[in-house]
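>>> When you get a sec, could you give me coordinates for this:
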Amino acid sequence: MNDKSSNISKRRRTARAKDSADYVAKRAEVLGAAATLFKQQGFHSTRLVDVAREAGLDRATIYYYAGSKEELLQDIVGGVLDTAIAAAEELRANDALTGMQRLHQIFVILMTSYEENYPATFVYIQEQMHQVGVQETEWAQLIMKRTRLFDRMLIDFIKEGIEDGDLRSDIPPRLHENALFGMLNWTHRWFVPGGSLTGRQVAETFWSIYTGGALTDAGRANALPSPPVLSAVTG
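Residues are numbered from 1 along each chain as shown. Predicted coordinates:
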């Protein structure tokens, strides 16, 4: 590292330590610009200079706010996960709630968080869920540990729902989780805030499909058995 880079790094650390309002506001803008580009172009295709341009900075000044695009990604992902875990912990601590109520609320909270923090949350889904597990850095291991913690809390809510008789016991908890939260995990492919549906409306619609099924009572009565699989398909 040359003297100039070293000095910039020291200034960055000092500014972050002081937590000055101007610095915090501008760095939040840089994080927002990074999240937008990571969502649009993908993390690997985005350069730090692209983030600088999006945030209205030159290629030298960007280093005052971030040492690398990896640092930006870590801050984006870490913030998203910490917020989700905090919400789940608060629900878990509320003894007045049933397992189903906890599950419903965290489901809605996640989708509304996707909307409120767009596109940062989607960057976590799009970039990290399938990549961070194979990394061996200290940060990657911490993220995986936090992700597993959040996953265990979701499974616990589902198990409570099963024990209370609200969820089907013939379906494994993991399959319940995949069915429900799998719907949310694909919204990054199509959901954009400001469209015809709000995040809460999407969440409540998905929840009704999960808990009640997609068929109406008439649809269930009229549903035909699945046709036999063609022999040509089975070989």
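>>> Which strands or helices does the one helix or strand Glu177 maps to pack on?
Using DSSP states H and E, Glu177 sits within helix 173-185. The contact analysis (3 or more C-beta pairs under 8 Å, 6 or more residues apart in numbering; DSSP states H and E) places helix 173-185 against helix 99-116, helix 138-163, helix 199-212. Using the backbone N, CA and C atoms, a C-beta is placed for each residue, glycine as well.
>>> Let me see the mean pLDDT of the second one.
For helix 138-163, the mean pLDDT works out to 91.
>>> residues of that helix that come out buried?
140, 143, 146-147, 150, 153-154, 156-158, 160-162 (16 or more other C-beta atoms under 10 Å).
>>> Could you check the angle it makes with helix 99-116?
140 degrees (axes from the mean of the first three to the mean of the last three C-alpha atoms, to 10 degrees).
>>> Does anything pack onto helix 138-163? Which helices or strands?
helix 69-93, helix 99-116, helix 173-185.
>>> Which of the helices and strands in the chain ranks last by mean pLDDT?
In the chain, the helix or strand scored least confidently by mean pLDDT, DSSP states H and E is helix 231-234, which has a mean of 48.
>>> Run through the protein and note the low-pLDDT ranges.
Low-confidence segments of the chain (pLDDT under 70): 1-19, 126-135, 214-216, 219-220, 222-235.
>>> quick one on the thing from earlier: same list (the helices and strands packed on helix 138-163) but as a markdown table, adding mean neighbour count.
As requested, the helices and strands packed on helix 138-163 are exported to a markdown table (neighbours: other C-beta atoms under 10 Å):
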| stretch | mean neighbour count |
| --- | --- |
| helix 69-93 | 18 |
| helix 99-116 | 20 |
| helix 173-185 | 16 |
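>>> Minimum distance to Leu197: which of those helices has it?
Checking those against Leu197 by C-beta to C-beta gives helix 99-116 as the closest, at 9.8 Å.
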